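Asker: quick one, fold the following:
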Amino acid sequence: LAKDDSSDLKRSNANVNGDTAMGKMLQFGEEGSKEYTKTFLLKPEHTAAHDHGDIHIHDLDFYATGTLTCCQTDPLKLFKGGFSTGHGFLREPQSIGSYAALCAIILQSNQNEQHGGQAIPNFDWAMAPGVNKSYRKAVKSNIEHYDAFTDKKLKVDDKKIDALTYEQRIKGVPDSIFDEAIADTKRQTYQAMEGLIHNLNTMHSRAGAQVPFTSLNFGTDTSPEGHLVNEQFLLAEEAGLGHGETPIFPISIFKVKEGVNYNPEDPNYDLFKLAMRVSAKRLFPNFTFLDAPFNLKYYKPGDYHSEVATMGCRTRVYESLFPESNGTSVSRGNDSFTSINLPRIGIEHGICLGQRKEADWDGFYKELNEKLDMVADQLYQRYKFQGSMRVRNFPFLMGQGNWMGSEKLGMDDTLESVIKHGT
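Answerer: Sure, this is the predicted structure:
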């Protein structure tokens, strides 16, 4: 690690630059943590299977920390009344620029307490209130300027302004005030989305070794303010980074739904077309279809909690054994996962080694079932270990109520009652 520029260890995680000081520091810790876990925490048969390549225990370096993989965080839960990152308290945001900036901070903070990626399941719904707040500020500012330049004092009740949503107007107030407020809010929203994309490709997490692995799900908020967020985010993604590069993050997922954005008569159809244009140029967004039978059965019109959302690694956390989390992706994620080397089993019981003329299907399924049972045992052992962690071990993810049910726990409570909502 220290001297060999060609070391495979430096490239074990494509998101970590193993040549940098912090990248090396992280990887020194990773390799030591893996050996500790294999020696003291895993069953010997699980260690042997992993080392032999029969299975792969993902994120083995984080095993000893008890971290979960990923989370679909709802920013609206955190924005209301403000939140703490563990290093300081942040007030409730009051503009679209602040909404987008705090969205990046949420993703960065959660990344520091998990070993996988971070996602927002309702990005357009979560940013829309910020558009409304910026619009009201712009209207108030324009009225003040109008009064100053014309020596006319418009008598407008503040309560009427505070009740405005994007593009709404007040009878008796000159249209120019609202026209300029709409244009100004659109500019602010584009800058907010541009800033978010740049932040997510530059701000570091996990001791400065990598940028957060982030995903944003969007496309179904049909309100004027939600529509603006969707539109301006796509335009900012199409524009790219500072030199026009395609942004690696966030991985964006456009949620497609008949009656919302799929057909020409749907209110967000123009956004579906724009999303396809941007995807053709930038590879993102990806698309997920809410009308698929296994997604549609939980869908409730206008309720983002019922819309399936995915991670950039295509993780789909939606169904659940528990009623309170069944049919939602919000505030849930993957606990941990392990892969089985299926090609190896196929090779050993197939014909390519020249040991037999016909595949040994009975032997194939016998060994596969043995591996499935072993991995189930290994994952359950890890689940019990993760469940023994306490809220204070994850002061942002659990302490701020990001994960489903964690808002009901005290700082010294264990996690098994809430990580059951993961996969």
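Asker: show the subsequent helix or strand relative to the worst-scoring helix or strand of the chain on mean pLDDT.
Answerer: Ranked by mean pLDDT, DSSP states H and E, the helix or strand of the chain with the weakest confidence is helix 21-36, at a mean of 87. As assigned by DSSP states H and E, the chain's next helix or strand after helix 21-36 is helix 44-52.
Asker: can I get that next one in PDB? Just the C-alpha atoms.
Answerer: In PDB, the C-alpha atoms belonging to helix 44-52 read as follows (Å, rounded to 0.1, in the frame of the first residue of the first chain):
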ATOM      1  CA  PRO A  44     -14.500 -20.000  10.700                       C
ATOM      2  CA  GLU A  45     -16.500 -21.600   7.900                       C
ATOM      3  CA  HIS A  46     -17.700 -18.100   6.700                       C
ATOM      4  CA  THR A  47     -14.100 -16.800   6.800                       C
ATOM      5  CA  ALA A  48     -12.900 -19.800   4.800                       C
ATOM      6  CA  ALA A  49     -15.700 -19.400   2.200                       C
ATOM      7  CA  HIS A  50     -14.900 -15.700   1.800                       C
ATOM      8  CA  ASP A  51     -11.200 -16.200   1.500                       C
ATOM      9  CA  HIS A  52     -11.600 -19.100  -1.000                       C
END
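Asker: how far out from the middle of the chain is it?
Answerer: In terms of CA atoms, centre = their mean, to the nearest Å, the centre of helix 44-52 is found 32 Å from the chain centre.
Asker: go on, stretch 279-291?
Answerer: With CA atoms, centre = their mean as the basis, stretch 279-291 stands 16 Å off its chain's centre.
Asker: now tell me what touches it from outside.
Answerer: In this structure, residues lying in contact with stretch 279-291 by CB atoms under 8 Å, 6 or more residues apart in numbering are 217-218, 220, 234, 237-238, 240, 246-247, 251-258, 262, 275, 278, 295-296, 299, 307-310. Bear in mind the C-beta positions are built from the backbone N, C-alpha and C, glycine included.
Asker: could you measure from the closest residue to residue 198 other than its chain neighbours over to residue 22?
Answerer: Taking CB to CB, 6 or more residues apart in numbering as the measure, residue 198 lies nearest to residue 241, with 6.5 Å between them; neighbours along the chain are not counted. Per CB to CB, to the nearest Å, residue 241 is found 22 Å from residue 22.
Asker: ditto for residue 174
Answerer: As defined by CB to CB, residue 174 lies at a distance of 55 Å from residue 22.
Asker: now the most centrally placed residue in the chain: which helix or strand?
Answerer: Nearest to the geometric centre of the chain sits residue 119, at 0.5 Å (CA atoms, centre = their mean). Taking DSSP H and E as the definition, residue 119 sits inside strand 118-120.
Asker: average model confidence for that strand?
Answerer: The average pLDDT for strand 118-120 rounds to 96.
Asker: give me the sheet partners of it and which way each runs.
Answerer: Strand 118-120 has the following strand partners under DSSP bridges: strand 71-72 (parallel), strand 214-218 (parallel).
Asker: which residues in the stretch 101-250 of the chain form helices?
Answerer: Taking DSSP state H, counting those that start in this stretch as the test, the helices found in the stretch 101-250 of the chain are 123-150, 158-162, 175-200, 224-239.
Asker: out of these, which is the most enclosed?
Answerer: Relative to the other members of those, helix 224-239 carries the highest mean neighbour count by mean count of other CB atoms under 10 Å, namely a mean of 22.
Asker: any idea how far that helix is from the chain center?
Answerer: If you compare the mean C-alpha spot of helix 224-239 with that of the full chain, they lie 18 Å apart, counting by CA atoms, centre = their mean.
Asker: helices or strands up against that helix?
Answerer: Helices and strands in packing contact with helix 224-239 are listed as helix 123-150, helix 175-200, strand 214-218, helix 269-282; criterion 3 or more CB pairs under 8 Å, 6 or more residues apart in numbering; DSSP states H and E.
Asker: chain center to the least confident helix or strand of the chain, what's the gap?
Answerer: For helix 21-36, the distance to the chain centre is 25 Å (CA atoms, centre = their mean).
Asker: that helix vs helix 44-52, what angle?
Answerer: Taking axes from the mean of the first three to the mean of the last three CA atoms, to 10 degrees, one finds that helix 21-36 is oriented at 140 degrees with respect to helix 44-52.
Asker: tell me which residues form a beta bridge with the residue nearest to the centre of the chain?
Answerer: residue 72, residue 215.
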